Each structure stands twice: as structure tokens, then as C-alpha cells.
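Undergrad: fold the following.
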Amino acid sequence: MTTIGQQTLADVDAVFRERVSRGVAPSSVWGVFDRGGLVASGGHGDRGDGAAPDADTVYRIASCTKSVTAATLLTLVADGRVRLDDPITDFVPAFADVALPTPDSPTPTLRMLLTMSAGFPTDDPWADRQESITDDELDAVLRGGLLFDSVPGTRFAYSNLGYALLGRVVAVVAGAPFTRVATETVLRPLGLTETVFSADAARGFVVTGVRPDAGSWERLPMTGPGAFSSIGGLFSTVGDLARWATHLASAFSDDPAPGPVSSADRRLMQQAQRVVPASVVPKSVRPTGYGFGLFVEQDPRFGELVSHSGGYPGFSAHMRWSVRDGLGVVAFENATQAKVSVAADQALDLVLEAHAAARPGDPSHHDAPGTGRTTDATRAAQAAVSRLLADWNDDLADAVCTPNVAMDAPYERRRRAIAQAVERVGADLGAAPVQEQSTAPSHLRWWLPGTSGRLRVEIRLAPLAAGRVQTLVVTAEPAER
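TA: Numbering: from 1, shown residues only. Prediction:
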């Protein structure tokens, strides 16, 4: 479990307080979690009864639902009742009437639907108003034909229709309505008792969604469950959604939490399966992909960041976390197009920056589950390389390094170059590292202090179980004058 400082939490709280004071939404609520669960939460504004929202206040979470839809389907896959590469027509016969864009187009598969690559146009404004339609009405939509922006299976486009079809698949295979299957298979076994598919089923105070209207807020009606509930029909709380995100994130820990979805499948959900074009996320500063019901961003400092937003008329939701560190943020607001994702992104950056600052010389948090043996081998190699640098010996170099090291640069040449680098910065080869970095368990970079700068040493291990060094780089970094 990670301790998050009070100042960091105060900074996070200020991000959301400012949004209410600026009139972005009538209310805003947030939660920060680590691998142990919800660490802190806060709320601002008026949730509709004169009180500020808290971790038990109920909001619509809209498309954050898609991760639950994906998880529910994966339980059926794990049971052998359906396969990801089955065509949608096996479960929704009406789709057979859809004319595909080219003569050689494949029928969209469940995998294509999960990864938003079935070829359908992006459809948020239309789909957000379809939640309550019936299965027969959805079939009529299909029989009326569809447009395609790409050949199925070739590129990403955010599609609610695709997840509506997945909800139908779950219902057909399980022989019960999607909402019941998702609730009984995923939500209740995990204790997510405050996460429901209708406002009437909620036990806590349910916030009403609004939209701006001439300097005031116009209340919007709630929609009920239907054929599109699998795209975004859930209501939830900060407490429950943080619990769900913690459960998903635990799949990357050394002790994954048990649950209805295996840790392997939860990791699969959080792997980039499709590249998300920059035009889809124009303000993002990170390369982005889509997994199963979740976005995956690649951050140069913090590794994979998993997230999903939710936007419905009157509501905005977001959840995001670091796969590496297990730290995350969830947040809700009750205004159309509030884009609380912007604040949640900022909040998680604050948390991760503070976490990194608290562990400046410790790269161990880069380790992935099951890589402890690799990390131990890298540390042993670091110790051996330190001995080698202090007193170069070709026999020791042969024992520490793979043969390519001598082939890439002869030992005598390496020895001279290392001696020159050490002399240039006056490095103390017996000192403890002043800084360490790691991009993978098999990689380590460290710095040794010197009288006129510092010495950078970098190693990368070969994939051999013996733990031998395939890359050895020693560089002088003179102090600036």
C-alpha cells in the first residue's frame, strides 16, 4: 500500500474545487486509490439537496460501463461458451442483413467489437440517446443497413453500437438480460453493491444530470435500461468505481485480487489491442491504444496509464490508473460535456509526480508481476559490473558479459575508455549510486559521484537465465561550468 501525502491530496482537491467555482458543473466529486483501495475522496458544489457530493453519492458513469461489459463477456469466453473470433451474426441474426463495405470484408467479430475496430462510424451523439430502445428496435436499425468508415478489422473508431451488440451477445449466450448477467456475474461477486443499471435500484442519493441554459442549469430526465445499456447504462459511486479500478489494476501486482474475471484476462483488457489515431485524441500528449473496454496510454515516465471516460447527457465520469504503481483517480460531474477527464488526468499526474519524488533512487516500482528473478539477476549484475569497473579483469568480464560485449568493442578499448571517463569526472568507483533508473527489470542505469561531474553506468541483460550483461555503457557527464 502506498502512502499519499496530505499536500498532494489537497492539491488534487483544489483541481476539482476550482471547476465548481468556475461553473463547469454544479457538483464535482473525486477519489484517489492505491492497491489497497480508496485512499481519500472529496466533493464540491451542490449535488441537488444542498449538500456536497461524497464517495457514496450516485452518478451515471456512462461509458465507464464498457469495462464491465468487456469483463462480463470474458467470463463467458473463459467458460468456453463463446469465442472472441466468432462473428456477430452467430448471435445477432439481424446483422446478416447489413451490407458490408467491400466484397471481401469480414463479418465483424466479437474481438473487433471489443477493440472498436468493426468499421462503424463514431456515434456518441446518436448512441447516447438510444439506451432504452428494445432488442427489436435494435434489430430494425441493423436491417435498415449501416454505414462504414473502414473495412472491419482494419482501424480504430470509437463505437457505442459495437458495445450494444456485445451486450446482446452476452444476453443470447447467457440466456438472460445483459443487465442481470453483468450484475450477477461481475458486479455483485466483487461487492459492487452501489453499482446499478437504474436510478430506482440505487441506495444512495442519485444526482440529477443538467446542462447549461442561459446562465442556469436545466435538469435532464433519466433514461432507463434497454438494448444500449451495455454502452453506458451504469450508475455508481466514487467508492464503488475505485473498488472496480483497484480490482482491475491488481492484475499487475504480485498478488492479484481474486474475482470472476481471471487476472490474465484483466491484464488482457488493459493491453493496447488497437492504435488510437492522434485525430481521435488530439489533446493527448501520450501515444494511445484501446484494449477491451479500456484506453491504454504510454507515458515516458510512468509507463502504461489505463483509463476510460464516460459522457451522457447531464453527466461526465472518468477513471484512470497507473498499471506500474497501482495508483489511480476516479471522478464524476453532473453536467453535459463537463469533461471531468481533464481534471482526473491532472489529478493523477499530481499523484504520480509526488509518488516518484518520494522514491527518487528506487527503480523497483518498474517491476512487473513474475519478474522478481530478473530484477535479482540485474542487481547481481550491477554488483559484478561495479567490481569490474573498479579493477578491470578480462576473465571477470567474460564471466559477467555475453560474448557480444567483447566482439562489439574489444576489452582493451573498453578498459581505456572507462579509465578516461572515470578520470574526466573524478568518479568514485566505490561510492553508492547517487541516482538509479530502470525501464525494465532487465535494465538498470545508475550514476556515481565525481569531483567534477558524475559517471553514468548502464547495463542491459540478455534473456539468458544466467543473467549476463549484453550491453555495458559507461559515460562521463562533466559538471556544468
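Undergrad: any idea how this structure splits into domains?
TA: Domains of the chain are assigned by automatic domain parsing as 6-358, 364-478.
Undergrad: return the distance of the last one from the chain's centre.
TA: Centroid separation between domain 364-478 and its chain, computed with C-alpha atoms, centre = their mean, to the nearest Å, is 33 Å.
Undergrad: can you give me the pLDDT of the closest residue to residue 210 other than its chain neighbours?
TA: Once flanking residues are discounted, residue 210 sits nearest to residue 217: 3.9 Å by C-beta to C-beta, 6 or more residues apart in numbering. The C-beta positions use only the backbone N, C-alpha and C, and glycine is treated the same way. For residue 217, the model assigns a pLDDT of 97.
Undergrad: which residues touch the residue sitting nearest the centre point of the chain?
TA: The residue lying closest to the centre of the chain (C-alpha atoms, centre = their mean) is residue 306, at 0.7 Å. Taking C-beta atoms under 8 Å, 6 or more residues apart in numbering, we find residue 306 in contact with 248, 249, 270, 291, 294, 295, 296, 297, 320, 321, 323.
Undergrad: any low-confidence regions in the stretch 51-200 of the chain?
TA: Applying pLDDT under 70 to the stretch 51-200 of the chain picks out no residues at all.
Undergrad: surely residue 226 is in contact with residue 133?
TA: Yes. Contact criterion C-beta atoms under 8 Å: residue 226 and residue 133 qualify, at 5.2 Å.
Undergrad: nearest residue to residue 370 other than its sequence neighbours?
TA: Setting aside the residues directly before and after it, residue 370 is nearest to residue 254 in space (C-beta to C-beta, 6+ apart), at 7.8 Å.
Undergrad: distance of residue 51 relative to residue 57?
TA: Distance, residue 51 to residue 57, using C-beta to C-beta, to the nearest Å: 9 Å.
Undergrad: between the two, which contacts overlap?
TA: By C-beta under 8 Å, 6+ apart, the residues touching both residue 51 and residue 57 are residue 205.
Undergrad: residue 226 and residue 133: who's more crowded?
TA: The neighbour count for residue 226 versus residue 133, taken as other C-beta atoms under 10 Å, is higher for residue 226 (22 against 16).
Undergrad: can you give me the helices for the stretch 351-481 of the chain?
TA: For the stretch 351-481 of the chain, the helices defined by DSSP state H, counting those that start in this stretch cover 372-390, 394-400, 403-408, 411-425.
Undergrad: report all helices and strands that the second one contacts.
TA: It refers to helix 394-400. Contact analysis of helix 394-400 by 3 or more C-beta pairs under 8 Å, 6 or more residues apart in numbering; DSSP states H and E lists helix 372-390, helix 403-408 as its packing neighbours.
Undergrad: let's see it at 10 Å
TA: If contacts are counted by 3 or more C-beta pairs under 10 Å, 6 or more residues apart in numbering; DSSP states H and E, helix 394-400 sits against helix 372-390, helix 403-408, helix 411-425, strand 469-478.
Undergrad: what is in contact with residue 226 and residue 133 at once?
TA: Each of residue 164 lies in contact with both residue 226 and residue 133 under the rule C-beta atoms under 10 Å, 6 or more residues apart in numbering.
Undergrad: who does residue 456 bridge with?
TA: As for beta bridges, residue 456 partners with residue 447, residue 475 under DSSP bridges.
Undergrad: distance of it relative to residue 42?
TA: Using C-beta to C-beta, residue 456 is found at 42 Å from residue 42.
Undergrad: before we move on, back to that, same list, the helices of the stretch 351-481 of the chain, but as CSV with mean neighbour count and mean pLDDT please.
TA: Listed next are those as CSV, based on neighbours: other C-beta atoms under 10 Å; pLDDT from 0 to 100:
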stretch, mean neighbour count, mean pLDDT
helix 372-390, 17, 96
helix 394-400, 14, 97
helix 403-408, 13, 97
helix 411-425, 15, 96
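Undergrad: residue 126: how many residues sit nearby?
TA: 11.
Undergrad: quick check: phi and psi at residue 43.
TA: For residue 43, the backbone dihedrals (degrees, to the nearest 10) come out as phi -150, psi 150.
Undergrad: same question, residue 79
TA: Per-residue torsions, residue 79: phi -80, psi 0 (degrees, to the nearest 10).
Undergrad: pretty sure it is touching residue 181, no?
TA: No. Look at residue 79 against residue 181 with C-beta atoms under 10 Å: they stay out of range, at 12.0 Å.
Undergrad: shared neighbours, these two?
TA: Here residue 79 and residue 181 have 173, 174 as joint contacts, going by C-beta under 10 Å, 6+ apart.
Undergrad: please say which of those two ends up with more neighbours.
TA: More crowded of residue 79 and residue 181, by other C-beta under 10 Å: residue 181, with 21 against 11.
Undergrad: isn't there a helix covering that one?
TA: Yes. Secondary structure assignment places residue 181 in a helix (DSSP: H, G, I helix; E, B strand; the rest coil).
Undergrad: skipping adjacent residues, who's closest to it in space?
TA: Distances taken as C-beta to C-beta, 6+ apart put residue 174 closest to residue 181, at 4.5 Å, once the chain neighbours are dropped.
Undergrad: picking up where we left off before, which non-adjacent residue is nearest the residue nearest to the centre of the chain?
TA: Spatially, and ignoring its direct neighbours in sequence, residue 306 is nearest to residue 270 (4.8 Å; C-beta to C-beta, 6+ apart).
Undergrad: count of neighbours near that neighbour?
TA: Neighbours around residue 270, by other C-beta under 10 Å: 23.
Undergrad: what does residue 297 give?
TA: By other C-beta under 10 Å, the residues close to residue 297 number 21.
Undergrad: quick check: buried residues in stretch 279-287?
TA: For stretch 279-287, burial by neighbour count (16 or more other C-beta atoms under 10 Å) applies to residue 280.
Undergrad: correct me, but residue 119 touches residue 153?
TA: Yes. Contact criterion C-beta under 10 Å: residue 119 and residue 153 qualify, at 7.4 Å.
Undergrad: okay, these two: which has more neighbours?
TA: The neighbour comparison of residue 119 against residue 153 (other C-beta under 10 Å) goes to residue 119, with 25 against 17.
Undergrad: give me the secondary structure label for that one.
TA: coil.
Undergrad: start at 544 instead
TA: Fine by me, first position is 544 from now on; the one you just mentioned is residue 662.
Undergrad: wait, what's in contact with it?
TA: 643-645, 648-649, 651, 655, 689-698, 700, 702, 705.
Undergrad: ok, now how distant is it from residue 965?
TA: Distance, residue 662 to residue 965, by C-beta to C-beta: 59 Å.
Undergrad: if we can go back for a sec, kindly list the main-chain dihedrals of the residue nearest to residue 753?
TA: With angles defined as degrees, to the nearest 10, residue 760 sits at phi -120, psi 130.
Undergrad: much appreciated, bye for now.
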